[in-house]
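# Please work out how this folds:
(one chain, ligands or ions: 3)
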Amino acid sequence: MDRAQWDCESETIFALSSAVGRAGVAVIRISGPRAGRALAALSGAVPEPRRAVLRRLRDASGALLDQALVVWMPGPASFTGEDIAELHVHGGRAVVAGVLAALSAVPGLRPAEAGEFARRAFGNGRLDLTAVEGLADLIDAETEAQRRQALRQLEGETGAAFEALRGRVIEALALAEAGIDFADEDDVPASIGFELAGSLADLGARLRGTLADDRRGEMLRAGVEIVIAGPPNAGKSSLMNWLARREVAIVSEIPGTTRDALEVRLELAGVPVTVVDTAGVRETRDAVEAEGVRRARARAERADLVLWLEETGIGDGETARGRTVTERSGYWRVRTKADLAVAPPPPGELAISVVTGEGLEVLLARLEAWVAERVGSGSDTLITRLRHRTELQRALEAVERAAAADYARDPELVAEDLRAAATAIGRIVGRVDVEDVLDAIFAGFCIGK
Ligand SMILES: Nc1nc2c(ncn2[C@@H]2O[C@H](COP(=O)(O)OP(=O)(O)OP(=O)(O)O)[C@@H](O)[C@H]2O)c(=O)[nH]1
Ligand SMILES: [K+]
Ligand SMILES: [Mg+2]
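Ligands and ions are numbered 1, 2, ... in the order given. So this is what the prediction gives:
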């Protein structure tokens with residue numbers, strides 16, 4: 001047993017696991033071999049496992065700290081795999097501070113570092129790495145679809161799917177290794193090569209299929225950005241306010257009103273969406289407005305979807321459009337001030353009016369459909385992070401190399417590539433040498449998680 005492991009197992013950690021600040025209840029968690037002793041020190045005795053009991057908590061001098069609900073969850077069937085005690089105390093700052101101070105005074109206990117509970121859960125095999133990521137995502141989830149995706153990952157569904165892919169690589173590897181025994185004396189039997197080729201083709205198709213997800217899982221985690229852009233006075237801020245259902249942006253008849261990019265967060269189709277209102281795009285000598293225009297262009301270039309607004313019947317849009325973002329898949333032209341229009345909008349273009357309400361619900365419904373189509377519901381993609389994608393891409397490249405190699409002559413090379421593929425997928429779930437990614441993952445947690 002190495003030292004780090006020994007330290008980890010010998011130390012008992014504690015932290016406030018609920019949010020910091022006043023609350024009805026605050027949850028303090030203790031994990032490690034001395035959790036039971038600490039619980040007894042504060043509450044008098046260790047209660048029956050997994051049963052909430054009401055206890056008086058006292059410090060070492062016997063002074064009363066609080067009345068609390070305490071729960072004893074001995075390992076290994078606990079969140080961290082270690083002995084855990086939970087104290088559900090009244091959520092006042094002084095109560096929490098007093099209980100944490102009393103725990104600090106118990107010999108062998110120390111405050112937990114950020115993500116340390118989750119790290120122990122991983123170290124003790126209670127959660128694989130994708131489940132740990134799911135836990136972090138669940139804590140951060142703001143919307144329905146994000147919650148669904150995070151929970152799928154926390155519950156192990158994602159990890160199991162990656163494991164299944166890895167299992168197929170290992171089957172192919174076993175097949176490839178079977179041929180190595182023949183290679184010295186004889187030709188490798190054609191039947192092995194034939195079966196292997198089939199299995200590699202199938203594996204390649206599965207990996208390619210998993211990778212061809214339009215980054216939906218990553219988009220759901222990060223959210224989608226929709227930028228409202230267009231010439232001055234097109235009605236961009238008016239639409240922004242309607243979408244936000246409040247007066248986020250100043251609306252006026254003066255062109256060049258909006259300078260800074262303004263953001264609101266919405267939930268569309270269960271996905272977090274940031275809508276950005278930008279400065280009207282035009283040539284200007286005003287240095288501040290020019291900076292606003294520069295920012296507007298930059299935001300539009302990065303956006304997942306640009307709503308390019310122009311007044312109905314004014315211009316054909318071509319010149320203004322040429323000055324801003326290149327037309328691409330996420331680029332819709334919307335005609336504004338439909339109530340003032342003397343002629344209908346060009347065919348296929350949506351016309352809206354914030355005065356009469358015309359077209360607004362249609363636009364919103366289209367946005368919702370676009371988000372649903374582009375990002376999905378959080379229940380169909382495996383990859384939720386660049387880390388997953390990079391490793392899966394590596395696995396695919398190794399499988400493709402294996403498929404292209406001359407197996408009958410070089411079975412060792414094929415086996416080598418398949419081992420690399422298995423390692424790459426193993427890194428996703430944390431089966432193999434992941435020390436380098438662990439710090440990055442657990443650093444994303446707060447203390448008490
Ligand atoms: N009649 C009518 N007026 C509108 C409509 N939408 C906006 N306006 C008016 O058009 C003017 C400009 O609206 P804004 O929302 O400030 O336009 P903007 O595109 O944000 O303008 P800048 O920030 O200056 O680029 C204001 O006087 C609005 O009241 C509409 O649908 N119908
Ligand atoms: K304006
Ligand atoms: Mg504006």
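# wait, residue 238 sits on residue 354?
Yes: counting by CB atoms under 8 Å, residue 238 touches residue 354, with 4.4 Å between them. Where C-beta positions appear, they are placed from N, C-alpha and C, glycine not excepted.
# Pull up the overlap in contacts between the two.
Residues touching both residue 238 and residue 354 (CB atoms under 8 Å, 6 or more residues apart in numbering): residue 336.
# Check the model's average confidence along stretch 40-53 for me.
Stretch 40-53 carries an average pLDDT of 96.
# what's it in contact with?
With CB under 8 Å, 6+ apart as the test, stretch 40-53 has contacts from 36, 39, 55-60, 65, 68-74, 85, 87-88, 99, 102-103, 106.
# which of those are buried?
For the contacts of stretch 40-53, a burial check counting by 16 or more other CB atoms under 10 Å picks out 36, 39, 55, 57-59, 65, 68, 70-73, 85, 87-88, 99, 102-103, 106.
# among these, which are within reach of ligand 1?
Near ligand 1, taking CB under 6 Å from any ligand atom as the test, no member of these is found.
# Which of those fall in strands?
Among the buried ones among the contacts of stretch 40-53, the members found in strands (DSSP state E) are 55, 57, 58, 65, 68, 70, 71, 72, 73, 85, 87, 88.
# For the helix or strand hosting residue 194, which outside residues touch it?
Taking DSSP states H and E as the definition, residue 194 sits inside helix 190-211. Residues outside helix 190-211 that contact it (CB under 8 Å, 6+ apart) are 165, 168-169, 171-172, 175-176, 178-179, 182, 382-383, 389, 392-393, 395-396, 399-400, 402-403, 407-408, 414.
# please redo it, this time with the cut-off set to 7 Å
165, 168-169, 171-172, 175-176, 178-179, 382-383, 389, 392-393, 395-396, 399-400, 402-403, 407-408 (CB atoms under 7 Å, 6 or more residues apart in numbering).
# Now, of those residues, which are buried?
Among the contacts of helix 190-211, those scoring as buried are 165, 168-169, 172, 175-176, 178-179, 382-383, 389, 392, 395-396, 399-400, 402-403, 407-408 (criterion: 16+ other CB under 10 Å).
# Please identify the buried residues of stretch 118-125?
Using 16+ other CB under 10 Å as the test for burial, stretch 118-125 gives 118, 119, 120, 121, 122, 123, 124.
# With distance to residue 48 as added columns, please give the residues you listed in a markdown table.
What follows is the buried residues of stretch 118-125, written out as a markdown table (distance: CB to CB, whole Å):
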| residue | distance to residue 48 |
| --- | --- |
| 118 | 27 |
| 119 | 29 |
| 120 | 24 |
| 121 | 23 |
| 122 | 29 |
| 123 | 28 |
| 124 | 23 |
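# Could you pull up the residues touching the residue of the stretch 51-200 of the chain found nearest ligand 2?
Distance from ligand 2 to each residue of the stretch 51-200 of the chain (CB to the ion) is smallest for residue 142, at 31.2 Å. Residue 142 is in contact with residue 272, counting by CB under 7 Å, 6+ apart.
# Is it correct that it falls within a helix?
No: if the criterion is DSSP: H, G, I helix; E, B strand; the rest coil, then residue 142 is coil and not within a helix.
# how about the helices in the stretch 1-150 of the chain?
Counting by DSSP state H, counting those that start in this stretch, the stretch 1-150 of the chain has these helices, from start to end: 3-10, 35-43, 93-104, 116-123, 129-140, 144-154.
# Turn these into a markdown table, including distance to residue 197.
Formatted as a markdown table, these follow (distance: least, CB to CB, whole Å):
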| stretch | distance to residue 197 |
| --- | --- |
| helix 3-10 | 43 |
| helix 35-43 | 55 |
| helix 93-104 | 61 |
| helix 116-123 | 37 |
| helix 129-140 | 31 |
| helix 144-154 | 34 |
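# Quickly, which of these bottoms out on average pLDDT?
The weakest mean pLDDT among the helices of the stretch 1-150 of the chain belongs to helix 3-10, with a mean of 47.
# how about the residues of the protein that lie near ligand 3?
For the chain, the residues in contact with ligand 3 (CB under 5 Å from the ion) are 236, 237, 257, 258.
# Who are the contact partners of the last one?
Right, residue 258. Residue 258 neighbours (CB under 7 Å, 6+ apart): 236, 237, 249, 277, 278, 279, 280, 292.
# Give me the pLDDT value at the second one.
Reading off the per-residue confidence, residue 237 sits at a pLDDT of 98.
# The fifth one too?
For residue 278, the model assigns a pLDDT of 96.
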